[in-house]
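> got a structure for you, letters missing:
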Ligand code: RRO
């Protein structure tokens, strides 16, 4: 998949409706990722369910989306922007994922990102933390999907878990690995109000933004190492500047996605980050991302 820059949007923020997706299409984002979708439309969790916080964001949206049939239709309309359109699939069970992917197979989407890491569905643990289920869903989807299919992972924190996840991924050989989703079930407290800042699940939600960049970099790096650089890594988590994007490429990423910074700054963020990255390359004397991708030194 050819990308004009290595910077585009993360699934989630401002990508639910066709209007929102058109805004991403008109921006300098190099691809359009649509909101994670389910079989049927979902209202999501109760409000307030998103809050900007000091160094990022917390959300418990609960997978609000229009149902996959709408996103199949949107893909047609979005192709006019001349950039890849990526469907994010987050079925509530393996059979749902297979049914949704069947429809996208016959649509003009360029790729599918299978979201195995939504932290905010009441009563549903993240699939990426259940390795048997992750193996099963990848077995069933990778074989029937006719588009390049990548996997969006939750953050891992233990080398044993990185290794087990990488073993399963290598078995199914996805087209790309997107890491990380928000850090699940964080709690932000407003001391003045003596309250949580979001309502669902007692205030627990997915943490994004600057807080999570070191964890996101660790995940991008570890999966790059464990897959021998053979599966493209899409880094996401705390990208606000070209310098942040540079760090992800240095860790081994091929592209970066922007979530919280897009929520906070709007669609101009894609151009700003891409321009800042190009300027940094120039300053450092690099001609392309390949000159330094994965070449992180240990001090
Ligand atoms: O909609 C959400 O609550 C949500 C999803 Br699907 C996801 O993958 N990650 C996230 O932080 N929120």
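Yep, that arrived. Just so you know, these numbers come straight off a predicted model, no measurement behind them.
> sec struct for residue 8, please.
Applying DSSP: H, G, I helix; E, B strand; the rest coil to residue 8 yields a three-state assignment of strand.
> please begin residue numbering at 136 from this point
Sure, I'll start counting at 136 from here, so that last one is residue 143.
> that one pairs with what?
In this structure, residue 143 has beta-bridge partners residue 392, where bridges are defined by DSSP bridges.
> for it, give me its contacts.
Shown in contact with residue 143 (Cβ atoms under 8 Å, 6 or more residues apart in numbering): 159, 164, 165, 166, 167, 168, 390, 392, 393, 405. From N, CA and C alone the C-beta is placed, and that goes for glycine too.
> which pLDDT value goes with the closest residue to residue 178 other than its chain neighbours?
Of all residues beyond its chain neighbours, the one nearest residue 178 is residue 199 (5.9 Å), with distances taken as Cβ to Cβ, 6 or more residues apart in numbering. With respect to pLDDT, residue 199 has a value of 98.
> what about residue 199, how many neighbours?
The tally of other residues near residue 199 (other Cβ atoms under 10 Å) stands at 15.
> hmm, residue 182 and it touching each other?
No - Residue 199 sits out of contact with residue 182 when judged by Cβ atoms under 8 Å, with a separation of 10.4 Å.
> follow-up on the earlier one: phi, psi of the residue nearest to residue 178?
Dihedral pair for residue 199: phi -70, psi 130, per degrees, to the nearest 10.
> what residues of the helix or strand hosting residue 233 count as buried?
Secondary structure assigned from DSSP states H and E places residue 233 in helix 229-240. For helix 229-240, burial by neighbour count (16 or more other Cβ atoms under 10 Å) applies to 229, 231, 232, 233, 235, 236, 238, 239.
> please apply the same query to stretch 265-281.
268, 269, 270, 272, 273, 275, 276, 277, 280.
> next, the first one: secondary structure please.
Okay, so that is residue 268. Applying three-state DSSP: residue 268 is helix.
> contact partners for it?
So residue 268 contacts 229, 262 (Cβ under 8 Å, 6+ apart).
> which stretches of this protein form strands?
For the chain, the strands defined by DSSP state E cover 142-144, 167-168, 185-188, 191-194, 220-224, 246-250, 284-288, 312-314, 318-322, 324-325, 330-331, 339-344, 368-371, 390-393.
> who in the protein is up against the ligand?
147, 171, 194-198, 225, 250, 252-255, 316-317, 341 (Cβ under 6 Å from any ligand atom).
> for residue 356, state which of those is nearest.
Proximity to residue 356 was ranked across those by Cβ to Cβ; first place goes to residue 316, at 16.7 Å.
> what about the closest residue to the closest one other than its chain neighbours, how many residues nearby?
Of all residues not flanking residue 316 in the chain, residue 252 sits nearest, at 3.7 Å (Cβ to Cβ, 6+ apart). The burial count assigned to residue 252 is 24, neighbours taken as other Cβ under 10 Å.
> residue 252 touches residue 291, doesn't it?
No - counting by Cβ under 8 Å, residue 252 stays clear of residue 291, with 10.3 Å between them.
> which stretches of this protein form helices?
With DSSP state H, the ranges of helices along the chain come out as 153-161, 203-213, 229-240, 266-279, 294-307, 348-361, 377-386, 395-400, 403-419.
> mind checking which of these is nearest residue 177?
Relative to residue 177, the nearest member of the helices of the chain by Cβ to Cβ is helix 203-213, separated by 11.0 Å.
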